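Engineer: predicted model follows, preceded by the sequence.
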Amino acid sequence: MVAPVSLPRALLVGLAGGVLSGFFGVGGGIVLVPLLILAMRFDQHSAHATSLAAIFLIAVSAFLGYWTADAVDILVGIALGVGGMVGSVFGANLMHRMSPNRLRAVFAGALIVAGLRMVF
């Protein structure tokens with residue numbers, strides 16, 4: 001469990017995560033997990049879990065912004081969402097079986113691979 005944190009700090013971290021997620025179109029976890037660990041001192045598992053709660057609200061508001069600009073393929077979005085819901089159950093179970101160090105290493109590796117793919 002995480003220690004109590006300052007709500008103003010949480011709002012600032014959420015604002016930064018929302019701006020970056022909305023601007024870059026990246027998954028909020030890529031932004032929020034490191035912010036929760038560094039700025040709010042969350043442990044690795046709690047950061048992953050808490051970011052998912054925040055991502056829901058961030059995604060809804062970003063979706064509405066893109067929807068009003070007629071930039072959403074709703075059928076593809078629904079298909080991705082259904083697949084994501086099923087996959088997230090497996091991912092959450094896998095995460096809980098990993099040590100914090102292993103989870104951190106896997107997460108860092110995924111970020112590095114994603115970054116390199118974007119560069120090349």
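Structural biologist: On my side now, so go ahead.
Engineer: low-confidence ranges, the chain, go.
Structural biologist: Counting by pLDDT under 70, the chain shows low-confidence ranges at 1-4, 26-27.
Engineer: which residue lies farthest from the center of the chain?
Structural biologist: Within the chain, the residue lying farthest from the chain centre (Cα atoms, centre = their mean) is Asp70, at 24.1 Å.
Engineer: name the residues of stretch 37-45 that are buried.
Structural biologist: 37, 40, 42-45 (16 or more other Cβ atoms under 10 Å). Where C-beta positions appear, they are placed from N, C-alpha and C, glycine not excepted.
Engineer: before we move on, back to that, now the residue farthest from the centre of the chain: phi and psi?
Structural biologist: phi 60, psi 40 (degrees, to the nearest 10).
Engineer: so it versus Arg41, what's the distance?
Structural biologist: 41 Å (Cβ to Cβ, to the nearest Å).
Engineer: which SS class is Phe42?
Structural biologist: Classification of Phe42 by DSSP: H, G, I helix; E, B strand; the rest coil places it in coil.
Engineer: same deal with Val5?
Structural biologist: coil.
Engineer: now it. Nearest residue, chain neighbours left out?
Structural biologist: In space, and not counting its chain neighbours, Val5 is closest to Met40: 5.2 Å by Cβ to Cβ, 6 or more residues apart in numbering.
Engineer: isn't the one you found right next to Leu7, touching?
Structural biologist: No: the criterion here is Cβ atoms under 8 Å, and Met40 misses it with Leu7 at 11.0 Å.
Engineer: can you tell me the element the spatially most central residue of the chain falls in?
Structural biologist: For the chain, Gly29 is the residue whose C-alpha lies nearest the centre (Cα atoms, centre = their mean; 1.8 Å). Using DSSP states H and E, the element containing Gly29 is helix 28-40.
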